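In: next input, structure requested:
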Amino acid sequence: MFAVDTNLLIYATDEYSPYHERMRNALSEWGSGPEDWFITWSVVYEFLRVATHRTIYKRPLIFAEAWAFIVSLRTSASFGILVETERHAEVVRELTLEYPRLSGNRMHDLHIAALMREHGVVEIRTADVGFHQFKFLRVVNPL
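Out: Numbering: from 1, shown residues only. Predicted coordinates:
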């Protein structure tokens with residue numbers, strides 16, 4: 001069981017990325033495999049923001065294309081979206097004690113890490129080295 005970060009989804013949809021084919025293949029493999037894999041709604045919205053950004057990409061996706069990509073992920077029986085539980089506030093409180101110096105852009109990563117902890121997911125697949133700060137996570141870069 002593992003979570004997937006935004007950057008890997010971006011690589012899978014950006015045909016100009018040197019990681020495009022590798023991530024398309026990985027998503028296909030994960031989608032047809034037996035192991036459960038997840039993203040969060042914050043990852044969905046970050047993906048939509050970045051993938052449709054006109055100043056970042058030669059050919060950004062239009063909103064409908066980006067959303068269709070998310071819909072395609074959801075067809076996998078092993079895929080899920082992690083959401084807050086009744087324990088969310090308590091988990092975030094625990095994380096404030098464990099990581100009191102966390103700030104700024106890392107709050108997005110904190111949200112993902114909190115949801116993973118709530119659901120017992122300990123592995124995140126990402127190219128973002130920032131997740132290494134969360135000692136309870138196993139960070140795997142599939143690239």
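In: so the residue lying farthest from the centre of the chain: helix, strand or coil?
Out: Distance from the C-alpha centroid of the chain peaks at residue 97, with 24.0 Å (CA atoms, centre = their mean). State at residue 97, reduced to three classes by DSSP: H, G, I helix; E, B strand; the rest coil: helix.
In: state the distance from it to residue 68.
Out: Residue 97 sits 41 Å away from residue 68, going by CB to CB, to the nearest Å. Yep, even glycine has a C-beta here, placed from its N, CA and C like the rest.
In: likewise for residue 78?
Out: Distance of residue 78 to residue 68, given as CB to CB: 20 Å.
In: comparing these two, which residue is more hemmed in?
Out: More crowded of residue 78 and residue 68, by other CB atoms under 10 Å: residue 78, with 14 against 11.
In: pLDDT score for that one?
Out: For residue 78, the model assigns a pLDDT of 96.
In: point out where the chain drops to low pLDDT.
Out: Residues of the chain that meet the criterion pLDDT under 70 are absent altogether.
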